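# Mind looking at a prediction? Sequence and model below.
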Amino acid sequence: MSLYEVDIERTGRRRSVWRWFLLHPTADYLWAVLGVLLWLGIAMLARQPLMVEGADTDARRTLLQTLATLAGATAGLTLTSVSMLINVLGKKAAPGQRELPLERLSATHRRQIGEVFLFAIPGLGLLVVAALVTIVLEGDAPTGLWIPEAVVFVLAFASVLALLRVAWALRRVLAIATA
C-alpha cells in the first residue's frame, strides 16, 4: 500500500485508529478532559488532594513554570517549523528536471500537513497562559487551586497529543522528500 507514493507496511485495525487520530485533532481536548477526569476520580476515591494542590508551594510553582517554559519553547519551534514547511512544500524543481517528490502532493494533502502544525500552536499558547495564570492565582498559599490546575493539565495532555501529530507530519514529509 502507498500513501503519497511512499510504501507503508502496516495494515489492519491499528492503522484505522491511528488515521482517525490524525484526522481529528480537536478530539485531543476530549481525550485530555477524560484523562483529567480519570485522575480526579482516582484522587477522590483514594481521598487524596485533587491534581497537585496538596504539593509543596515551591514544587507546584516549579512544575507550572516548567510547563509554561516547555510549552512556549515548543510553540516557537512549531511556528518556525511552519515557515520551513512552507518553503519545503512550495519548492519546485528547476525547468527540465525531474519533479520533486513533495510536488506530487495534492493541495488537500499540503493543507492537511500544514493544519497539523497550525493546530498545535494555539493549544501550546493557551498552556503558557493557563500555567502563568495558575501561578499568580495560587500565590504563596499552602494549598493550590485544583480547578486552574485541572485546566493546565487538560491543555498539557492535549498539547502532547498535538505534538505527537506534528512528529508524525514531520516524519511523513521526510519520508516523502527522501522517497
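In hand now; what should we look at? Numbering: from 1, shown residues only.

# Are we agreed that Val160 is in a strand?
No: going by DSSP: H, G, I helix; E, B strand; the rest coil, the assignment for Val160 is helix, not a strand.

# any idea how far it is from Leu127?
Applying CB to CB, to the nearest Å, the value for Val160 to Leu127 is 10 Å. Backbone N, C-alpha and C define where each C-beta goes, glycine included.

# next one: Gly72
Applying CB to CB, the value for Gly72 to Leu127 is 9 Å.

# sorry, back to before: Val160 and Leu127 - which one has more neighbours?
Leu127 (27 against 16; other CB atoms under 10 Å).

# Hmm, Thr74 and the more buried one touching each other?
No: assessed by CB atoms under 8 Å, Leu127 is found out of contact with Thr74, at 9.1 Å.

# Could you point out the longest helix of the chain?
helix 57-90 (DSSP state H).

# What average pLDDT does that helix get?
Per-residue pLDDT over helix 57-90 has a mean of 88.

# cool, and stretch 24-31?
pLDDT averaged over stretch 24-31 gives 90.

# C-alpha coordinates for stretch 18-25, PDB please?
Taking Å, rounded to 0.1, in the frame of the first residue of the first chain, the C-alpha atoms of stretch 18-25 are listed here in PDB:
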ATOM      1  CA  TRP A  18      -4.200   5.900  14.000                       C
ATOM      2  CA  ARG A  19      -5.700   7.500  10.900                       C
ATOM      3  CA  TRP A  20      -8.700   8.600  12.900                       C
ATOM      4  CA  PHE A  21      -6.400  10.200  15.500                       C
ATOM      5  CA  LEU A  22      -4.500  12.100  12.700                       C
ATOM      6  CA  LEU A  23      -7.700  13.400  11.100                       C
ATOM      7  CA  HIS A  24      -9.500  14.500  14.200                       C
ATOM      8  CA  PRO A  25      -7.200  16.900  16.100                       C
END
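
# The residue sitting nearest the centre point of the chain and Ala59: what is the separation?
Centroid-nearest residue in the chain: Ala162, 2.1 Å away (criterion: CA atoms, centre = their mean). Remark: distance between Ala162 and Ala59 (CB to CB) = 27 Å.

# low pLDDT regions in this structure?
1-15, 93, 96-101, 179 (pLDDT under 70).

# so where do the strands sit in this protein?
Ranges of strands in the chain, per DSSP state E, are 2-3, 6-7.

# which non-adjacent residue is nearest the residue nearest to the centre of the chain?
Ala120 (3.8 Å; CB to CB, 6 or more residues apart in numbering).

# quick one: contacts for that neighbour?
Residues in contact with Ala120, defined by CB atoms under 8 Å, 6 or more residues apart in numbering, are 75, 78, 159, 162-163, 165-166.
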